[in-house]
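> structure for this input, please:
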Amino acid sequence: MFTHEEIWVALDRLAEAHNYSTSGLAKKAGLDPTTFNKSKRITPDGKPRWPSTESIAKSLAATEATLLDLIGFIENTTLTPTSAGLSTFEHYDLSQNELKRLNQKNLPTIIDAPENSFAITLTTPQWTPTYKKGTTLIACPTDNFEPDDIIFIETHDSQFFIMAVDSIEEEVIALRAIVINEPDRRLERADILKSAKVLWASQ
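This next block holds a predicted model:
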């Protein structure tokens, strides 16, 4: 059972994940821009006002999100909602097998994320259905992984992988595919230029 506050926080996070303010999300969904204003979440006599099923459905459709995505925003306690200001993360565009630096976007703040964490926007459907095209990942550079961690790797020959850690050896990391039809891999640590653990995904 979800609470009134959790539902509203989930809508805030949905907007944030797609780089909208709450009023921007409402407008995108074809609703009155004030529909999700904080002032409208409590009635004049102090009773909680819940968002309508229609407004939730239209918001999900406008962002191409699912009800499961919304539930994920409710259950994800690692996010600190923010509605203004830029994140401190570097932001990259992963496309055409190339990592391009982008301008910073209005990204969510992650609790306890190190300052060297960075964001990646997936501009290809390569990792569908695990990560849809347009998903933003926030990752923390590290080479200290545990089995089942989802990690991002760039090799010295400019290949990029987003996979799950299967097992770890002294010189080799065994990786498990997170999408259908992608082979599992074993990478020599000496071949890895950059590695990071995925902390959060926008979907």
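
> count of residues packed around the closest residue to L14 other than its chain neighbours?
Leaving aside its sequence neighbours, L14 sits nearest to F73 (CB to CB, 6 or more residues apart in numbering; 5.7 Å). C-betas here are computed from N, CA, C, even on glycine. By other CB atoms under 10 Å, the residues close to F73 number 23.

> ok, F73 - contacts?
F73 makes contact with V9, A10, R13, L14, A17, L79, according to CB atoms under 8 Å, 6 or more residues apart in numbering.

> CA atoms only: put the helix or strand where it lies into PDB for me.
Here F73 sits within helix 67-75, counting by DSSP states H and E. C-alpha atoms of helix 67-75 as PDB (Å, rounded to 0.1, in the frame of the first residue of the first chain):
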ATOM      1  CA  LEU A  67       3.500   1.600 -14.000                       C
ATOM      2  CA  LEU A  68       6.400  -0.600 -12.900                       C
ATOM      3  CA  ASP A  69       8.700   2.400 -13.500                       C
ATOM      4  CA  LEU A  70       6.500   4.500 -11.200                       C
ATOM      5  CA  ILE A  71       6.600   1.800  -8.500                       C
ATOM      6  CA  GLY A  72      10.300   1.800  -8.900                       C
ATOM      7  CA  PHE A  73      10.400   5.500  -8.200                       C
ATOM      8  CA  ILE A  74       8.300   4.900  -5.100                       C
ATOM      9  CA  GLU A  75      10.600   2.200  -3.800                       C
END
